[in-house]
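# generate a structure from the sequence data that follows.
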Amino acid sequence: MEPLILAVAPVAVTLTVNRIPVAAAIEPTRSLLSLLRAEAGQTGAKEGCDDSECGACMVLLDGRPVNSCSYLAVQADGRSVTTVEGLGRADRLSGLQQALLEHGGVQCGFCTPGMLISATALLATTPDPSEDEVRQALAGNLCRCTGYQTIVDAVLATAGVAGASPAPPA
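Okay, the predicted model is just below:
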């Protein structure tokens, strides 16, 4: 008896990534993280645990933070995604990115994209958060190098300051 082979037809998706339209034909089971890294060339979001536990893959989907490793790319069809690359530019960092550097909140950098995304989402909804609110917003992001205090300090230093949000398009 021949084995049964099931073929799944590719699905067309179109989304906006860092203000740039991206269209792709993908398998319906493909993660948003995979699409962002391969088709959109946005490699800032990292695959850490592949189980929504570490936050290294965090992106903003229509302004809300999501773990892109476990979010299906087809669910993002027609929506807007902001990755860490969309928060600032090399020649013009966002206020939050600059504060993270100034406060020593970066070491190996693996967790940094997710931390920046989570903190950006917090500051967009709560411009002047308390330390407890910052810690709660970052609770889904794991860091094994820096510790959290310098990251929390950077977010608090940016709170209520213009320029904490993503840079405008070039």
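
# from Ala73, how far off is Thr158?
Separation of Thr158 from Ala73 (CB to CB, to the nearest Å) stands at 31 Å. (Each C-beta comes from the backbone N, C-alpha and C, glycine too.)

# and those two? Which one has more around it.
Thr158 (27 against 24; other CB atoms under 10 Å).

# ok, that one - contacts?
95-96, 99, 119, 123, 164 (CB atoms under 8 Å, 6 or more residues apart in numbering).

# before we move on, what SS does the most centrally placed residue in the chain have?
Averaging the C-alpha coordinates of the chain gives a centre point, and the residue nearest to it by CA atoms, centre = their mean is Val59 (2.4 Å). Classification of Val59 using DSSP: H, G, I helix; E, B strand; the rest coil returns strand.

# that one contacts Ser80, correct?
No. If you go by CB atoms under 8 Å, Val59 and Ser80 don't touch, sitting 10.3 Å apart.

# picking that back up, okay, and the beta partners of the residue nearest to the centre of the chain?
Counting by DSSP bridges, Val59 forms beta bridges with Val66.

# relative to Asp153, how far out is it?
24 Å.

# now the strands: where do they sit in this structure?
11-17, 20-26, 58-61, 64-67, 80-82 (DSSP state E).

# wait, what's in contact with Asn20?
Heads up, residue 20 is Ile, not Asn. Contacts of Ile20 by CB under 8 Å, 6+ apart are Ala40.

# tell me the pLDDT of it.
On pLDDT, Ile20 comes in at 97.

# equivalent analysis for Val161, please.
Reported pLDDT for Val161: 67.

# also Val106?
pLDDT for Val106: 87.

# burial count for the closest residue to it other than its chain neighbours?
Among residues not flanking Val106 along the chain, Thr112 sits closest, at 5.3 Å (CB to CB, 6 or more residues apart in numbering). Residues contacting Thr112 under the criterion other CB under 10 Å number 24.

# touching, Thr112 and Leu96? I think so.
No. Using CB under 8 Å, Thr112 makes no contact with Leu96, being 10.9 Å away.

# one step back: give me the distance between the residue nearest to Val106 and Ala76.
23 Å.

# what do you get for Ala38?
From Ala38 to Ala76 the distance is 14 Å (CB to CB).

# ditto for Asp50
Taking CB to CB, one finds Asp50 at 18 Å from Ala76.

# and these two? which has more neighbours close in?
The neighbour count for Asp50 versus Ala76, taken as other CB under 10 Å, is higher for Ala76 (25 against 14).
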